[in-house]
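*Asks:* curious how this folds, go ahead:
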Amino acid sequence: MIAILPRIALCLSLLGTLACAGPSIPHEPDIIDVMLPVPAEQVRIAVIDVLTDGGYTVEPKDDEQMVTSHRRDMRGPWDWMLDWRFGTGKSWVEAKVTPASEDSTRLKLHVFYQGKDGLFTRWEDSRTALPQSAENQLRLIKNALHLL
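*Replies:* Below is the predicted model:
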């Protein structure tokens, strides 16, 4: 009887862990594509400044495209407990700055976001958190360009 108790406890804990797993929720990609009445070089500088201030490391691919690494968050000694219980997310951005004319620029931002619900779950594509969303990044870029 005593030898069965550890097996029952193991089965119950495994069942509890698997019961929390579910299919990922489909979502729309977080892409924004706009025309800005500002020269391309000013937009490029504003995009780099905003993304750098947001915790991203910006790496230019060519004259028009920029890619970031994963966003760096401020970490603390107790974050592992929050991540274990509530989950966490990571994001990165692809930006394309294309001159449309001498005084206007086309800006395309694509924000990728992955999240996980806890320590023992896998990373899945998720809806972008509001502070990292493409719409919020565009608002910050427009603010840096004094368009708001």
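*Asks:* CA only for contacts and neighbour counts going forward, please
*Replies:* OK.
*Asks:* quick one, phi/psi of residue 51?
*Replies:* When quoted as degrees, to the nearest 10, the phi and psi of residue 51 stand at phi -70, psi -40.
*Asks:* residues touching it, list them.
*Replies:* 57, 58, 137 (CA atoms under 8 Å, 6 or more residues apart in numbering).
*Asks:* am I right that the second one is in contact with residue 52?
*Replies:* Yes - with the criterion set as CA atoms under 8 Å, residue 58 and residue 52 qualify as a contacting pair; they are 6.7 Å apart.
*Asks:* so these two - more neighbours on which side?
*Replies:* Legend: neighbour count by other CA atoms under 10 Å for residue 58 and residue 52, higher for residue 58 (20 against 15).
*Asks:* pLDDT wise, what is the nearest residue to that one once chain neighbours are set aside at?
*Replies:* Residue nearest to residue 58 in three dimensions, not counting chain neighbours: residue 68, with 4.5 Å by CA to CA, 6 or more residues apart in numbering. Reading off the confidence values, residue 68 has pLDDT 90.
*Asks:* any idea how far residue 68 lies from residue 140?
*Replies:* Distance, residue 68 to residue 140, by CA to CA, to the nearest Å: 17 Å.
*Asks:* how about the strands in this structure?
*Replies:* 30-36, 58-60, 65-68, 88-99, 105-116, 124-125 (DSSP state E).
*Asks:* what bits of this structure have low per-residue confidence?
*Replies:* 1-3, 5-6, 9-26, 73-75, 79-87, 119 (pLDDT under 70).
*Asks:* contacts only, for the residue most central in space within the chain.
*Replies:* Nearest to the centroid of the C-alpha atoms of the chain, with distances taken as CA atoms, centre = their mean, sits residue 91, at 2.3 Å. When contacts are counted by CA under 8 Å, 6+ apart, residue 91 is found next to 70, 71, 111, 112, 113, 114, 128, 132.
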